[in-house]
Structure formats: C-alpha cells, structure tokens
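K.L.:
fold the following, please.
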Amino acid sequence: MRPCIICHMLSSADGRIDGAALEAVSGRGLYEAAGGKLQGDAWICGRTTMQLHFADQEPFVSASNIPAGPRPIHVARQAGSYAVSVDTRGTLRWSKSEIDGDHLICVVSEQAPEDYLAMLRERGISYIVRGGASVDLPAAVELLGRHFGIRRLLLEGGGRINGGFLEQGLVDEVSLLLAPGIDGRQGVPAVFDGMTSTRNGAVPLRLKSVERLEHGVLWIRYEVVRG
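P.N.:
Residues are numbered from 1 along each chain as shown. Take a look at the predicted model:
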C-alpha cells in the first residue's frame, strides 16, 4: 500500500543543498518544472524545511505539555494533492489547511501534545500519529497510501529526513538536479545526511536517465537497488 517514494533534490556539484546559494548558478524554475514531470500526488518535508518556508513564523507552544500517546488517524478531507509535514514533537504552527492548494497532512509521534492535535483538527488539517519517541516512517507512509490514496510521493526534505527515509529502505528513486557550482562550506547539509547505518559501502543506485537542462544543470535519475 505504500507510495512509490522519489527523493527529488537540487544540489551543488559537491552535494550541498543550500537553495539560496544554488539559485545564482541554476536559475529559477528548473527544480519545480522537473518535479512536475515526476507526477507526484503528494510531497513531503521535515520540520526544518517546513518551518523555513511554509509554517507560521511563531512555533506552537502547548498549554498542557501532555503527550497525545497513540491516536487514530485523522482524515480532515480527501484531496487531489497533498503536502505532508513530518514534525516529531508537534511544534509547527499552521494557520491554513493547505499549502499552495495541496491539503496539509501532519505526521507526528506520540510525543506531540494533545492540544497540538486539537489545533490541527480546529484548522481542518489531517494528521497521522505513529511512533513513540520518534516518527515511525514506514508505518506513516503506508497510512498515507491506505487512507489518502497517495501513490507517488516526492521527498523534498533536508539531508537528515532524506537520510532517514533512505536508511529505512523507503526511497525507490533519486531525482537529482546537479547545479554547475561548488559550495564547499563546512556544515552545509548534503542531499542525504545523518545516517547511522553500519553499512560497509554506499547505497547502490542504477542509472535511469540523464538530461541536460538550461544553465548547464544536469537532471540525473537513479533507481535505488534493493538487496
């Protein structure tokens, strides 16, 4: 039941993903245009990316700090497209139930406060509660497919959430726009970051296609090799 998950990213030649730094060498609109060709019916990001670009500026502050614990899935409504936020402890504040026309689904752990879920219900936002101390990603994405009919999910997060999906075996394809520039700064996130696996080598990929876009950008698509 889980969707096909495509990690769709724009990076420098050395794999860094600071979008503001990349804009000067990649031009505008290429990333979004390529993403549209992937025909996803939903996209997903982590807390940091959502806070930076989409959520309200002020975070949610619980009045009770009582963890919600296990809760059933809340489907506020069905939609043709979805924006999915992974926010482990429920700290992002939302004033609307959609992002650019995509219905919002918040994925949290059981550590999210009860009144955070109440806020989501009040604003007509769907949510999934899965995992004790952290979000159970495999269970959450399976529920996205089962309850919302999501079949093609674009993973467009920062390095840590991308790494978390990859480490859990949830990434089926990597769609990488490689910009003609080198970042080189220490501490700037990479496309995949923070993995703790004891794997002896790199995750194997199989090349699907390479396309040259404007401004010397290369669009490289890989299939993740299983086993």
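K.L.:
so in this protein, where's the weakest helix or strand by average pLDDT?
P.N.:
For the chain, scoring each helix and strand by mean pLDDT, DSSP states H and E identifies helix 19-26 as the least confident one, at a mean of 86.
K.L.:
what's the first helix or strand after it?
P.N.:
For helix 19-26, the following helix or strand on the C-terminal side (DSSP states H and E) is helix 30-37.
K.L.:
immediately after that following helix, which helix or strand?
P.N.:
Where DSSP H and E defines the elements, the next helix or strand beyond helix 30-37 is strand 42-46.
K.L.:
give me the sheet partners of that following strand and which way each runs.
P.N.:
Counting by DSSP bridges, the strands paired with strand 42-46 are strand 82-86 (parallel), strand 152-155 (parallel).
K.L.:
in the very next helix or strand once past it, what's buried?
P.N.:
Sequence-wise, the next helix or strand beyond strand 42-46 is helix 47-53, with elements assigned using DSSP H and E. Neighbour counts over helix 47-53 (16 or more other C-beta atoms under 10 Å) mark Arg47, Thr49, Met50, Gln51 as buried. All C-beta atoms are positioned from the backbone trio N, CA, C, and that covers glycine.
K.L.:
again with stretch 148-165
P.N.:
148, 150, 152-165.
K.L.:
from the residues you listed, which two are the most distant?
P.N.:
Farthest-apart pair in the buried residues of stretch 148-165 is Phe148 and Gly159; separation 26.1 Å (C-beta to C-beta).
K.L.:
quick one, domains of this protein?
P.N.:
Using automatic domain parsing, the domain ranges for the chain come out as 1-41+151-227, 44-148.
K.L.:
now the terminal residues of the last one, how far apart.
P.N.:
Going back to what we said before, that points to domain 44-148. Counting by C-alpha to C-alpha, to the nearest Å, you get 14 Å between the two ends of domain 44-148.
K.L.:
where do the helices sit along the chain?
P.N.:
If you assign secondary structure with DSSP state H, the helices in the chain sit at 19-26, 30-37, 47-53, 114-122, 137-148, 159-167.
K.L.:
of the ones you listed, which shows the lowest average pLDDT?
P.N.:
When those are ranked by mean pLDDT, helix 19-26 comes last with a mean of 86.
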